[in-house]
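Student: I need the structure of the sequence given here:
(chains A, B and C)
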Amino acid sequence: MIASDRINKILYGGDYNPEQWPEEVWQEDMRLFHLAHIDVVTLNVFSWASLQTDDDVWDFSRLDRIMELAHDNGLKVCLATSTGAHPAWMAKKYPEILRTDEHGIRRKFGSRHNSCPNSPIYRKFSARLAGKLARRYGHYDNLVAWHVSNEYGGFCYCENCERAFRVWLQQKYGTLEALNRAWNTAFWSHTFYDWDEIVVPDQRSEEFYFEGRLLRSNFQGISLDYRRFMSESIQECYRLEYDAIKKETPDIPVTTNLMGTYKVLDYQKWAKDMDFISWDNYPRYDAKDWEPAFQHDVMRGLKQGMPFALMEQTPSVSNWHPYCALKRPGMMRLISYQAAAHGADTIMFFQMRQSIGACEKLHGALIGHRGNEHTRVFREMAKLGEELETLGSQTLGGRIHARVALVFDWDNWWAAELSAGPTILIDYVKEVKTWYRRFWEKNIPVDIISVQDPLDAYQVVLAPMLYLCKDGFAEKASAWAKAGGCFVTSYFSGYTEEHERIVTGGYPGRLKELLGIWVEECDAPTPQSHVTFRYDGTSYPAEILCDLLWTEGAVPLAEYENEFYAGMPVITKNTYGRGCAYYIATHSSDAFYDTFLDRLCAEQGITGIAESPEHVEVTLRSKGAVQNYFALNHDSNSSWLRIPVSVRDLLTGECFSADAPIPIEGKDVRILQETN
Amino acid sequence: MIASDRINKILYGGDYNPEQWPEEVWQEDMRLFHLAHIDVVTLNVFSWASLQTDDDVWDFSRLDRIMELAHDNGLKVCLATSTGAHPAWMAKKYPEILRTDEHGIRRKFGSRHNSCPNSPIYRKFSARLAGKLARRYGHYDNLVAWHVSNEYGGFCYCENCERAFRVWLQQKYGTLEALNRAWNTAFWSHTFYDWDEIVVPDQRSEEFYFEGRLLRSNFQGISLDYRRFMSESIQECYRLEYDAIKKETPDIPVTTNLMGTYKVLDYQKWAKDMDFISWDNYPRYDAKDWEPAFQHDVMRGLKQGMPFALMEQTPSVSNWHPYCALKRPGMMRLISYQAAAHGADTIMFFQMRQSIGACEKLHGALIGHRGNEHTRVFREMAKLGEELETLGSQTLGGRIHARVALVFDWDNWWAAELSAGPTILIDYVKEVKTWYRRFWEKNIPVDIISVQDPLDAYQVVLAPMLYLCKDGFAEKASAWAKAGGCFVTSYFSGYTEEHERIVTGGYPGRLKELLGIWVEECDAPTPQSHVTFRYDGTSYPAEILCDLLWTEGAVPLAEYENEFYAGMPVITKNTYGRGCAYYIATHSSDAFYDTFLDRLCAEQGITGIAESPEHVEVTLRSKGAVQNYFALNHDSNSSWLRIPVSVRDLLTGECFSADAPIPIEGKDVRILQETN
Amino acid sequence: MIASDRINKILYGGDYNPEQWPEEVWQEDMRLFHLAHIDVVTLNVFSWASLQTDDDVWDFSRLDRIMELAHDNGLKVCLATSTGAHPAWMAKKYPEILRTDEHGIRRKFGSRHNSCPNSPIYRKFSARLAGKLARRYGHYDNLVAWHVSNEYGGFCYCENCERAFRVWLQQKYGTLEALNRAWNTAFWSHTFYDWDEIVVPDQRSEEFYFEGRLLRSNFQGISLDYRRFMSESIQECYRLEYDAIKKETPDIPVTTNLMGTYKVLDYQKWAKDMDFISWDNYPRYDAKDWEPAFQHDVMRGLKQGMPFALMEQTPSVSNWHPYCALKRPGMMRLISYQAAAHGADTIMFFQMRQSIGACEKLHGALIGHRGNEHTRVFREMAKLGEELETLGSQTLGGRIHARVALVFDWDNWWAAELSAGPTILIDYVKEVKTWYRRFWEKNIPVDIISVQDPLDAYQVVLAPMLYLCKDGFAEKASAWAKAGGCFVTSYFSGYTEEHERIVTGGYPGRLKELLGIWVEECDAPTPQSHVTFRYDGTSYPAEILCDLLWTEGAVPLAEYENEFYAGMPVITKNTYGRGCAYYIATHSSDAFYDTFLDRLCAEQGITGIAESPEHVEVTLRSKGAVQNYFALNHDSNSSWLRIPVSVRDLLTGECFSADAPIPIEGKDVRILQETN
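Tutor: The predicted structure follows:
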């Protein structure tokens, strides 16, 4: 949750499902919560079937008791609306609420995320339930947030959706002429003469799937619009619940738990309808230390840096990972503080007590199947709970101030990967992460922003692989650069406008002038290729794509070493007004980005907020005069860091003078507050 | 077939399809059968379309002639009921008999195993056909067995099945309350209020498939029950034919051909409805020598050691293998005797004459496409036929006596692999086989038993990976151990009871006391992990899963060498009454199992029935005072064995004194009868 | 296109889609075409939606303007019929025109190749459109060819197709008795008693698919007939348009663009309905230099060597390749001339101007997204255009004369790969290519012929892997060999007759006598096998399959070195009348084929038409007394060749005396005309 008059510390708790247990267990849970310093629970995530048993039959008695239980035990409540899975009776009575998959196969009752977002029945019933809950429980003084549905996502291709898509298109394009133009339907004789001729783009029409994943579309314009439509349709379901709640409890903040770089939903649009961001952090067993940091920064960027909630993480294992590796001792604490270091003001878990049946029964929990406090996981959680109590409100509300921004755009993600060609290796998130990593290693704060966000606060803006470049962005970036900003982009940028139509005249389209180049051709290295380029005296690999470009004002800084385009520029810099613009014509190795970005930062006067070895992460959250440095040692061995101001460790009380080497144990965390 | 007053030798023959050939070929077949010493044929496996051409139109004239042909030529007959594939006319007239796949797609006529097991039409027609056949041919004195349908298996998800599933659930659970509890439907809002709300668990509802294979389920309880239901539904089809036959010919034994460790059908339940076990042995080209032995032992265990029939094997190639490698010279004989060595009293083949069209036309046969006796395959088969004639009844009816049992359980197989987590490497059959191999190498007889079987006869019982531990088993095993037995189990055991609900209080659930341990956590090594443990001075790999356990009475015998759980026990031994219980907390290399099991056997006084190098297999079948040792040299080079009694080779007449080294040629077989 | 009174040079141009652009762009296109020496355009490939907007509503106004534009600018026109993709309105009004996939899922409007070939509506409308176009534009004197539809292909499994399949079967077999015999339906109880019992063979009935590809069928006979039926159904759609066109313009040649070894359509049957062959050449990034040559020769063989048109190739990248590698400088010219070298009299491209939207927008074009002539691709194309103008008519109409023929048969391709067994490594095209490569390297012309083609012109005929051997071929080949021909075939040949029924009596069936051998068994090496054989003093690998054969008159030339069949023959030669027949019992390495074929050619007096290193390709096209040698250097370095006659380079004017080494630059081309 986020700071409010009801919250004065990092709340600590998570999903709690007492409905799966007899009431005698509830009291034992309270005892254990107390031992573990749990102070917040998310309730009612999946209880629709018990709350409503027919169109107009409701039973809130058990939830009433659960709410009382929480209240009596001093627990804050994040109250979910239970609409993440509809009841079986509803699916039987109203089959239209069931989704239809990309093959046109209608689902049967089961699983979750199972409701068609364009089903009027689902929309009516879900908003009604949200409203009832708000009316019934809105008065609780321990209610700190509403949690709408759960991990929204997925797709539907049913006839309801098809009809709604046509309406959406009519609203967007007004006329079929405009739609035919936007989608370039003169290609392959696709001209539409009636809105009803338009069908959903799926495996049956334009798209190719493999293992349930969309590989490519024959009509990227249609598929791109369907992704927008589907994200907005689901957002509309959220919005209907949001409105129903707000009508009753205008002052209780409302959220839904997001999932980081989740491709299906354009969270940048969603954020506008959320009072605060919350999200679920489940790094894979092989995630790099900086990858959760990247995800946190993406989430933090959704609402321009506002603190967010870590709504879910696992105390130890995630049962749906291919290999359910245990979180090593200290890891749960380290990764929890990493969230706080990047802007989280809440640290929560899925789950408080482990289920005994169904698909998540092997997922980690505060209270495992053993059922008591005598486990490593419980002890580690209790210890962190105690520490957070000690910490109190000292870090709440702090903001990260970055002079570097990394542009991330969902439309572009969809478009770049829907494209047939130029290589199957296109991976937008991977490209963005490639650029992020080096800043993380150097303790340089980075904001991850949308193309709509203002650029004024930044010295450096990186927008790699901006294949689809929305109207206005090139102009904004150019004006900002002219005033002194440093813009960086890469291969496969500037190709199309918002409708995914190519901007003719040469790539990178509207960014050409700013960059002072044009790209004539683009070669896709095959697995047999070994293209290299020379930069700063060293040879680096050129991978994924190799642009063949010509400067038109820009200065080449690196050249290909082989292939028929040997000697052509790979890196260019264009002076633009008081600023400049860099273009990187290929993808390369980490070593390249290290060198390039270190030089760029030096040139632009960008420095890290602390000095440390690469595996020691340091962030800075500020609130007014309060400066809190979060130092996290991802290595198992002890290490060090240096901070340019004198600090006191809020956890240990130790003080360190400015620039003194501060020791940090393996996997340990320090929260260092600037002292005067 | 099994011994009866009609059988006084190992019957030798196989599937014979004269209906595919003009009658003039039949006489040539008889000549060739005589040359090859064939004395039994399986008839009428796929003839439904010719026997019945409308609801009430039947034509047995050709089968009459075939039965006469067999009788006139002194052939025993195993008569099949032809219900393994329904006729095209029936599918057209009654589409309900067609199966529906896991995507909800109804099949069209084609292939085999194509009938919905819950179709009333299919059940009626198939039982009717079986009854008619029994009435018409039951009087033949050369009829030695009934062969119902063929290689039953597969799934159906049609509306008939859905309705029948609800009825089955009502009978099982009585009330929806009980069902909701068993399935833990409080999870994900799955509470059912009406039986009709329950739908089949498939790709449309709870399950994930890849390449037609079920990967996992969101509701393991539902999916587990559906597997039970489907196995029982198909068994009911079998049972209806069985009853129709028995009504006419109560004294002719009835079977159906099973397929070893075939996951879809719970053969341990099926066995109760079979007069004797028969099965089809098609080892893959890369099968280890001991793998068919394992399968034979699984099959032998279904009816507590009763001799069985090898109903099918290929004379040379299996056309549906990825690489149709020829059986090398001598292999067909060796692998045939391996069946006998493990309890088979019949040696049969698919097929007598090779088809000229459709999908099995490239499968091996006694009479190949060349059409005569002048082939290697024919000569090898004729030679074995002659040898079996010489052998006569000398080995019939012999039983294997084992002091070691290996528990195998279909419910557990399904449950352990339906589970989401803790690792994608869970493979129940592989784990059981891992334990089996060493006993085979040491010529130690092993019974493969169900959890319902009595344990009294055994000194050692191994039940690895017993994730789902049925009610009563822990108690039975504990009582038996207390009386002196030695119990062994492994990681991922004792987690759930019969409904796949976790037994709380710590793993391994109800087995905790017997084992004297409890498992706190369970780490899944990733492909990057290299966990090891030390046992008896040597380091071994810890793979698949690594339990973190605490002894509660047991003694640790080995410890992890690395990871944060270095020093924790990997192998424990608990003294329990007059017996003991071992726990192996991980999966390891063959070398480990060699060492561990050799020590275990030494401790428990378990010895092999003969001494030999690893590639020479020796088994012992006893009947009264008659002791027959089967020695099989799987190596290409000559080798040896030693038997603790004096013996005479039933095939060569050679005699050997007790403990003398007995030479055996490469790929050769000896049947050595104890002499006085 | 092919030579006519309207064509006196290699036409040069390609697909032009002005309908995707405003008319002001058209004039700029004309300017650019002129610069690039473009003289032919393919028009109207995908315009059905704009030409016809309801059953009886037509609008040809834009196409009228486009035709005038082409005419006014001196462009020849290849006019397409636009039926490769139906309009959206038609799909909405007549859903029957939509295809149904192999799972029984009906498609929705989208993509292309989307019309059911057995839809009466589609057939009526497509033929009507073709007729209207012919009537309206047939009078243009710059119309050089009709281009029906586009890249026909794919499958449909709808109810229309099912009904049409039954009619097709009735026409083919006459009686169900004949059909049941042909398909061997006595197997697996498949006997049909009514035509309506027959269903389409697909995933729902007899077939297994993986990733949309048919892996195998349970009833090869049915599946084989369905492939024939489907190819003929689509051909019938083509034929209906052909007839409608010919009625109006009997003298304008009609074609459709084929796709090389495209498995779905039996182009050898199609060729009979085509006035000339045209095809689309899109070699993958990793294609060997000889692979397009093989494809050209397959295409050239369809009409017995008649010159053909290269209808499409890409100027640079193919967007649908996994890695869209640029054609290196010179490659476009080299590969264009390779087409001419193998019989093409037209060099065309997809596409003239690059689209700005939908799935091919990243495909190469003469006029790229930059929109002007200042690109490498444009310059290379303009240069080649100029060169072709210079070349004029000097090479037109030339024929290739080969003494070696390689048999290629679609029915056999289908049948060999539908088969379940003997190994998953069966790959017919790969086997045929294996034999082709060496002739290419030695500059020995090869005709790729059907089994129906006459053999008289050839000294050597190779028919590898002729699993399905159509009636009459064995007799024809035998008579031809008896008269002095040299016949070569391989493992997996002669198994079945036309209905895919095994020819009993031993493999290779009807070819046994000619080959003087019989094959007793056939071993499929597994990945663990390392079988070798010795030939001419060297050891070579035996892969895929290893026949165990016996000579019956033939002489063994090589023997297995290991496995139990060591010493058995691998290569045999049978003297047959004045000729001979070779049998190669396995698949081996390139090195083996080099040795074997070089010796075979020496023995048979076959020599290359020029001498050169392997990477320099030389072909010879003759017309009357005119002899044109095409020399292509696929290497990047300069090289050489020798021609046995004196020649003059038509491109450079250089003259070379007979047998003199002729230098050739890297990636360069020479067209060398014999001088007197």
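Student: what is the mean pLDDT for stretch A:610-625?
Tutor: Stretch A:610-625 comes out with an average pLDDT of 97.
Student: distance between the ends of that stretch?
Tutor: This stretch, stretch A:610-625, spans 18 Å end to end (CA to CA, to the nearest Å).
Student: stretch A:551-566 now?
Tutor: Distance between the two ends of stretch A:551-566: 15 Å, counting by CA to CA.
Student: buried set for that stretch?
Tutor: Neighbour-count burial for stretch A:551-566, with 16 or more other CB atoms under 10 Å in any protein chain shown as criterion, is recorded at A:551, A:554, A:556-558, A:560, A:563-565. The way it works is simple: take the backbone N, C-alpha and C, and place the C-beta from them, glycine included.
Student: direction included, what does the biggest strand by length in chain A pair against?
Tutor: The strand that spans the most residues within chain A, counting by DSSP state E, is strand A:538-551. For strand A:538-551, the pairing partners within the sheet under DSSP bridges are strand A:517-523 (antiparallel), strand A:531-535 (antiparallel), strand A:586-587 (antiparallel).
Student: show the average pLDDT along the shortest one.
Tutor: Strand A:586-587 comes out with an average pLDDT of 98.
Student: closest residue of the stretch 51-200 of chain A to chain C?
Tutor: Among all residues of the stretch 51-200 of chain A, A:N184 sits closest to chain C, at 2.7 Å; criterion: CB to the nearest CB.
Student: next one: the closest residue to that residue other than its chain neighbours from C:L597, what distance?
Tutor: Setting aside the residues directly before and after it, A:N184 is nearest to C:G357 in space (CB to CB, 6 or more residues apart in numbering or on different chains), at 2.7 Å. Taken as CB to CB, to the nearest Å, the spacing of C:G357 relative to C:L597 amounts to 50 Å.
Student: got it, and A:S478?
Tutor: 65 Å.
Student: try A:E497
Tutor: Using CB to CB, we find A:E497 at a distance of 57 Å from C:L597.
Student: who has more neighbours out of these two?
Tutor: With neighbours defined as other CB atoms under 10 Å in any protein chain shown, A:E497 and C:L597 compare such that C:L597 has more, 22 against 18.
Student: what element comes up after the lengthiest helix in chain A heading to the C-terminus?
Tutor: Counting residues, the longest helix found in chain A (DSSP state H) is helix A:220-248. Downstream of helix A:220-248, the first helix or strand assigned by DSSP states H and E is strand A:254-255.
Student: and the stretch 501-650 of chain A, which of its residues are near chain C?
Tutor: Contact residues, the stretch 501-650 of chain A versus chain C (CB under 8 Å from any CB of the partner chain): A:501-507, A:518, A:520-529, A:548, A:564.
Student: now A:F378: how far from chain B?
Tutor: With distances defined as CB to the nearest CB, to the nearest Å, the gap from A:F378 to chain B amounts to 10 Å.
Student: may I ask which helix or strand encompasses that residue?
Tutor: In this structure, A:F378 sits in helix A:376-391 according to DSSP H and E.
Student: list the buried residues of that helix.
Tutor: A:376-378, A:380-382, A:384-385, A:387-388, A:391.
Student: hang on, the earlier thing: need the winner for burial among the strands paired with strand A:538-551.
Tutor: Scoring the strands paired with strand A:538-551 by mean neighbour count under mean count of other CB atoms under 10 Å in any protein chain shown gives strand A:586-587 as the most buried, with a mean of 26.
Student: show me how far the helix or strand following that strand is from its chain's centre.
Tutor: The C-terminal neighbour of strand A:586-587 among helices and strands, as given by DSSP H and E, is helix A:590-604. Relative to its parent chain, helix A:590-604 has a centroid offset of 26 Å by CA atoms, centre = their mean, to the nearest Å.
Student: same thing with stretch A:449-468?
Tutor: Centre to centre, stretch against its chain (CA atoms, centre = their mean), the figure for stretch A:449-468 is 17 Å.
Student: endpoints of that stretch, how far apart?
Tutor: When the termini of stretch A:449-468 are compared using CA to CA, they are 16 Å apart.
Student: is it anywhere near chain C?
Tutor: No - using CB under 8 Å from any CB, we find that stretch A:449-468 stays clear of chain C, coming within 10.6 Å at best.
Student: what sits against the spatially closest residue to A:A463 that is not a sequence neighbour?
Tutor: Across the structure, with CB to CB, 6+ apart as the measure, the residue nearest A:A463 apart from its sequence neighbours is A:V407 (3.8 Å). If you count contacts by CB atoms under 8 Å, 6 or more residues apart in numbering or on different chains, A:V407 has them with A:448-451, A:461-464, A:466.
Student: is A:V407 bridged to anything, and to what?
Tutor: Those that pair with A:V407 in a beta bridge, by DSSP bridges, are A:I449.
Student: check the nearest residue to A:K246 once chain neighbours are set aside and give its pLDDT.
Tutor: The spatially closest residue to A:K246, leaving aside those adjacent along the chain, is A:V254, at 6.8 Å (CB to CB, 6+ apart). On the pLDDT scale, A:V254 is placed at 98.
Student: for A:V254, give me its contacts.
Tutor: By CB under 8 Å, 6+ apart, A:V254 lies in contact with A:145-146, A:148, A:242, A:245-246, A:274-275.
Student: show me what counts as buried in stretch A:228-245.
Tutor: Buried residues in stretch A:228-245, counted by 16+ other CB under 10 Å: A:228-235, A:237-242, A:244-245.
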